[in-house]
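Colleague: predicted coordinates and the sequence they were generated for:
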Amino acid sequence: MIPMTTTSPWTTPWTTTKVPRGGRWVSRSRGWVSPSRSFRGVGAASSSAAAIGKVLDIARDTNRGVDAGPGDRERVERAVDEAVASASTTTRNDARASHGRWRLAYTTEQETLWLLGKGSDVEAYQTIDHDRGTLVNEVIFGGDGNTVIFRVDATTEIADATRVNFKFSSASLTLANGWRIPIPPVGAGWFDNVYVVNGIRVSRDSRGDTLVCERA
């Protein structure tokens, strides 16, 4: 029996490193507009909204964290702490609010950053269905008939008002010609939704990583 180890919900399924611990982003190459401008326009009076605006700006400027340095990551963590501290309890402590499809805006998870750095036309999505108890991560490379999809499936369980537990169940790589290559999944862990408001979700997980998403 293979022991399950603590991982990030965005971790590639073969990662088994255990670390003990208790608007929208869009591609600059496509010329799209950073969402943080409009997001702050809606909630400029709120300190939590302003803090999340800072996070989204850094996400845009660092290509979702791919090009982030230690200083960038520290600024993100401080801004997240600020947003969490000023947000209402109902805003930040709502595990069920993570239900739905999300586009990855920023992450510190190294395996995901490695995948995102493999090209200029790469998007990542996370789909959570709490009614079915499922989570699907997809990293999509390319387009126009040349799409390659790396997909990881997991089962989920709402542990409490904030926490969602997950366990990887399958993984695959689907090539542009339709061929699907299965990959053995290994890993389990949890993530806490620390901020969910205006289509922005910030989570921190059992491996110590921070994830920022926008509703897709």
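Modeller: Structure received.
Colleague: so how far is stretch 187-194 off the chain centroid?
Modeller: From the chain centre to the centre of stretch 187-194 is a distance of 11 Å (Cα atoms, centre = their mean, to the nearest Å).
Colleague: where along the protein do the helices fall?
Modeller: 36-43, 47-61, 70-86, 89-92, 110-116 (DSSP state H).
Colleague: tell me which of those sits nearest to residue 190.
Modeller: helix 89-92 (15.9 Å; Cβ to Cβ). Every residue, glycine included, has its C-beta placed from N, CA and C.
Colleague: average pLDDT across the closest one?
Modeller: Average pLDDT, helix 89-92: 53.
Colleague: what do you get for stretch 68-78?
Modeller: Here the average pLDDT along stretch 68-78 is 97.
Colleague: quick one: contacts of it?
Modeller: Stretch 68-78 has contacts (Cβ atoms under 8 Å, 6 or more residues apart in numbering) with 54, 55, 58, 59, 61, 62, 65, 106, 108, 210, 212.
Colleague: now with 7 Å?
Modeller: For stretch 68-78, contacts defined as Cβ atoms under 7 Å, 6 or more residues apart in numbering pick out 55, 58, 62, 106, 108, 210.
Colleague: what's the average pLDDT for stretch 145-156?
Modeller: Mean predicted lDDT for stretch 145-156 stands at 94.
Colleague: grab the nearest non-local neighbour of residue 191.
Modeller: residue 205 (4.0 Å; Cβ to Cβ, 6 or more residues apart in numbering).
Colleague: quick check: pLDDT value at that neighbour.
Modeller: 96.
Colleague: what's the burial count for it?
Modeller: Neighbourhood size, residue 205 [other Cβ atoms under 10 Å]: 25.
Colleague: and the one 5 residues further on, by the same measure?
Modeller: Number of residues near residue 210 (other Cβ under 10 Å) recorded here: 21.
Colleague: and it, what are its bridge partners?
Modeller: residue 204 (DSSP bridges).
Colleague: give the contact list for it.
Modeller: Residue 210 neighbours (Cβ under 7 Å, 6+ apart): 76, 77, 80, 108, 204.
Colleague: who wins on neighbours among those residues?
Modeller: Neighbour max across these (other Cβ under 10 Å) = residue 76, 24 neighbours.
Colleague: lowest average pLDDT across the helices of the chain?
Modeller: Among these, helix 36-43 scores lowest, at a mean of 41.
Colleague: hang on, the residue nearest to residue 191 packs against residue 187?
Modeller: No: applying Cβ atoms under 7 Å as the test, residue 205 and residue 187 come out as separate, 11.3 Å apart.
Colleague: thinking again about what came up before, highest mean neighbour count out of the helices of the chain?
Modeller: helix 47-61 (a mean of 21; mean count of other Cβ atoms under 10 Å).
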